[in-house]
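S.K.: here is a sequence with its predicted model. Questions after.
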Amino acid sequence: MAPFFLVVVIFYLGPLVNILWLSVTDPEPGLGNYQKLYTTDALVRILLTTLRTCLITTMFSVLIGYGLAYAMVHAHQKNQSIMLTLLLISFWISILVRTFAWLMLLGHNGLVNNAFETIGLIDRPIRFMRNELGVLIGMVHYMVPYAVLPLMANMQTLDPRVMAASRNLGASGVQTFRRIYLPLTMPGVVASSLLVFILSLGFYVTPAILGGGKVLMVAEYISVQLLVTLKWGTAAMLGTLM
């Protein structure tokens, strides 16, 4: 296995070393690119927007995923298989297709706004797009399946007799969940949160389309530095930071 392992290491570490090297040598040797993190207000705002968006996405994705995982684990075997199949099918749908679907649903003349206007809930379209709300909706929708799988795997390992013993000893359903079930599922919550947060950091298509250029995140900014301004050093620095 050693030759194959060596190939993997070279192809993995090679690009990383190249990015690190570019971040401290382009356009000139030194830490000038990293100093931009403290001196460029626009860059700071982009980083804060990225972190805020990723944290909110993680919170809602894990909350929704927890409920779905709980329902799947406690469903009948046949229903559980159907729910798991539907969940896995979502991985086959391109993120670009999903994003354009939300664009059609939540646009100014989209299905949601037209439906709300028809039934009289609103008198003017709601701005779902070209803001953080639209980006969050698209990102949460994409990330929920990633949140469900670690949680479901964790919940399936729990011994149901522990919860039954809690109920037999006089605890209510809420007490059993709060003091027994939730603490036992915390490893799954942590794993799910880390997975969703890390994947969210690299989001590019959804913020670019649903944000309409008004919600600039790090991945899109890196693309601009590489393809438009040709500041490879800045792009490498942000890649290293991520």
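M.R.: Looks like it arrived, so ask away. Numbering: from 1, shown residues only.

S.K.: and V190, how far from T229?
M.R.: Separation of V190 from T229 (C-beta to C-beta, to the nearest Å): 38 Å. (Glycine included, C-beta is placed from N, CA and C.)

S.K.: looking at those two, which is more packed in?
M.R.: More neighbours surround V190 than the other of V190 and T229, with 13 against 10 (other C-beta atoms under 10 Å).

S.K.: host element of that one?
M.R.: According to DSSP states H and E, V190 maps onto helix 186-201.

S.K.: list the buried ones in that helix?
M.R.: The neighbour-count check on helix 186-201 (16 or more other C-beta atoms under 10 Å) flags G188, V189, A191, S192, S193, L195, V196, F197, L199, S200, L201 as buried.

S.K.: and for stretch 33-40?
M.R.: N33, K36.

S.K.: dump that stretch to PDB, restricted to CA.
M.R.: Provided in PDB are the C-alpha atoms of stretch 33-40 (Å, rounded to 0.1, in the frame of the first residue of the first chain):
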ATOM      1  CA  ASN A  33      -1.600  39.300   2.100                       C
ATOM      2  CA  TYR A  34      -2.400  38.300   5.600                       C
ATOM      3  CA  GLN A  35      -2.200  41.900   6.800                       C
ATOM      4  CA  LYS A  36      -5.200  42.600   4.600                       C
ATOM      5  CA  LEU A  37      -7.300  40.700   7.200                       C
ATOM      6  CA  TYR A  38      -6.700  43.600   9.600                       C
ATOM      7  CA  THR A  39      -6.500  46.600   7.200                       C
ATOM      8  CA  THR A  40      -9.100  45.900   4.500                       C
END
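
S.K.: give me the contacts around that stretch.
M.R.: Residues from elsewhere that reach stretch 33-40 (C-beta atoms under 8 Å, 6 or more residues apart in numbering): S23, V24, D26, L43, V44, L47, G233, T234, A236, M237, L241.

S.K.: out of the residues you listed, which end up buried?
M.R.: Buried members of the contacts of stretch 33-40, counted by 16+ other C-beta under 10 Å: S23, V24, D26, L43, L47, G233, T234, A236, M237.

S.K.: in what helix or strand does the fifth one lie?
M.R.: The reference is to L47. In the assignment (DSSP H and E), L47 maps to helix 41-73.

S.K.: how far away from the center of its chain is whatever helix or strand comes next after that helix?
M.R.: Using DSSP H and E, the next helix or strand after helix 41-73 towards the C-terminus is helix 77-89. Helix 77-89 has its C-alpha centroid displaced from the chain centroid by 22 Å (C-alpha atoms, centre = their mean, to the nearest Å).

S.K.: and the next helix or strand past helix 77-89?
M.R.: Once the chain leaves helix 77-89, the next helix or strand it forms, by DSSP H and E, is helix 95-106.

S.K.: pull out the buried residues from that next one.
M.R.: Across helix 95-106, burial judged by 16+ other C-beta under 10 Å covers R98, T99, W102, L103, L106.

S.K.: repeat for stretch 25-32
M.R.: D26, G32.

S.K.: quick one: end-to-end length of it, please.
M.R.: With C-alpha to C-alpha, to the nearest Å as the measure, stretch 25-32 spans 9 Å from end to end.

S.K.: pLDDT of the helix holding L47, averaged?
M.R.: Helix 41-73 comes out with an average pLDDT of 93.

S.K.: for that helix, packing partners?
M.R.: With contacts taken as 3 or more C-beta pairs under 8 Å, 6 or more residues apart in numbering; DSSP states H and E, helix 41-73 sits against helix 32-39, helix 77-89, helix 132-156, helix 186-201, helix 218-227.

S.K.: among these, which is nearest G212?
M.R.: Judged by C-beta to C-beta, the one of these that comes nearest to G212 is helix 132-156, at 8.0 Å.

S.K.: who does that closest one touch, helix- and strand-wise?
M.R.: Judged by 3+ C-beta pairs under 8 Å, 6+ apart, the packing partners of helix 132-156 are helix 41-73, helix 77-89, helix 95-106, helix 186-201, helix 205-210.
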